[in-house]
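>>> Structure here, sequence nowhere to be found:
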């Protein structure tokens with residue numbers, strides 16, 4: 001009976017001291033990045049490390065710590081964001097002033113573009129197609145859920161008494177306004193480029209049509225004057241006839 005009691009106590013002590021799920025990969029990642037970065041302030045480094053990890057976990061709510069730190073693709077994204085933040089903290093701000101909203105918005109757009117490049121050309125980043133398909137499906141699902149939530153909130157405001165208030169319309173942050181401005185400039189540039197290409201294509205097509213009409217009118221006028229003309233031939237048939245003459 002005493003032996004059974006001792007066994008029960010040992011099992012309880014063992015379960016009490018069991019490592020929490022995800023602790024081992026978390027400590028390994030923290031130690032790995034600490035050795036790689038060699039921070040002078042380890043406490044500040046730890047704060048940035050865990051803040052970055054929490055942000056990524058919020059973006060991937062279904063993923064566990066083991067999934068985030070154990071998956072090569074997710075870990076590369078986490079490490080890239082971590083070192084970007086470390087650079088901002090370690091490097092002194094230019095002229096002692098913080099970044100402008102335009103710079104912050106441009107950084108966000110660049111990050112979105114880098115993510116697009118990774119998803120479009122995964123082989124350049126050492127990722128296989130199967131892994132990217134799963135990640136793309138998951139990201140689309142999360143994106144659709146967020147968009148549905150935003151649309152639902154907009155519908156509630158739209159159909160509520162008073163609708164959107166002026167304060168809500170003008171309460172955008174400087175970063176949001178700067179991002180909107182950059183996006184509008186990009187859209188304007190792309191629209192102008194598309195219009196110029198369409199204008200060029202239309203000009204070429206109009207020139208060809210005018211040439212055909214002029215040729216038709218010239219032949220018709222000559223026929224009315226009594227000249228007998230052979231029907232016009234295509235360029236391909238003309239080149240074929242020229243080839244036959246050369247062969248003879």
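In hand now; what should we look at? Here the structure is a predicted model, which is why all the values come from computation and not from measurement.
>>> what's the longest helix along the chain packed up against?
Ranked by residue count under DSSP state H, the longest helix found in the chain is helix 174-224. Contacts defined by 3 or more Cβ pairs under 8 Å, 6 or more residues apart in numbering; DSSP states H and E place helix 174-224 against helix 101-120. The C-beta positions use only the backbone N, C-alpha and C, and glycine is treated the same way.
>>> Could you list every helix and strand in contact with the helix it packs on?
Applying 3+ Cβ pairs under 8 Å, 6+ apart, one finds that helix 101-120 contacts helix 129-159, helix 174-224.
>>> hmm, try it at 10 Å
Packing contacts for helix 101-120, counted by 3 or more Cβ pairs under 10 Å, 6 or more residues apart in numbering; DSSP states H and E, involve helix 72-90, helix 129-159, helix 174-224.
>>> would you turn those into JSON lines with distance to residue 45?
Converted to JSON lines, the helices and strands packed on helix 101-120 look like this (distance: least, Cβ to Cβ, whole Å):
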{"stretch": "helix 72-90", "distance to residue 45": "7"}
{"stretch": "helix 129-159", "distance to residue 45": "28"}
{"stretch": "helix 174-224", "distance to residue 45": "26"}
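>>> Point out the most buried one among these.
helix 72-90 (a mean of 16; mean count of other Cβ atoms under 10 Å).
>>> ok, and the helix or strand in the chain with the lowest average confidence?
Comparing helices and strands within the chain by mean pLDDT, DSSP states H and E singles out helix 166-170 as the least confident, with a mean of 51.
>>> circling back: what would the helices and strands packed on helix 101-120 look like in a markdown table with mean pLDDT and distance to residue 47?
A markdown table is the format used below for these (pLDDT from 0 to 100; distance: least, Cβ to Cβ, whole Å):
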| stretch | mean pLDDT | distance to residue 47 |
| --- | --- | --- |
| helix 72-90 | 83 | 10 |
| helix 129-159 | 66 | 26 |
| helix 174-224 | 79 | 22 |
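>>> so which of these comes closest to residue 64?
Residue 64 sits nearest to helix 72-90 of all the helices and strands packed on helix 101-120, at 10.8 Å, using Cβ to Cβ.
>>> Specify the angle between that closest one and helix 101-120 in degrees.
Helix 72-90 and helix 101-120 meet at an angle of 160 degrees, taking axes from the mean of the first three to the mean of the last three Cα atoms, to 10 degrees as the criterion.
>>> Report all helices and strands that helix 72-90 contacts.
helix 23-37, helix 42-59, helix 65-70, helix 101-120, helix 129-159.
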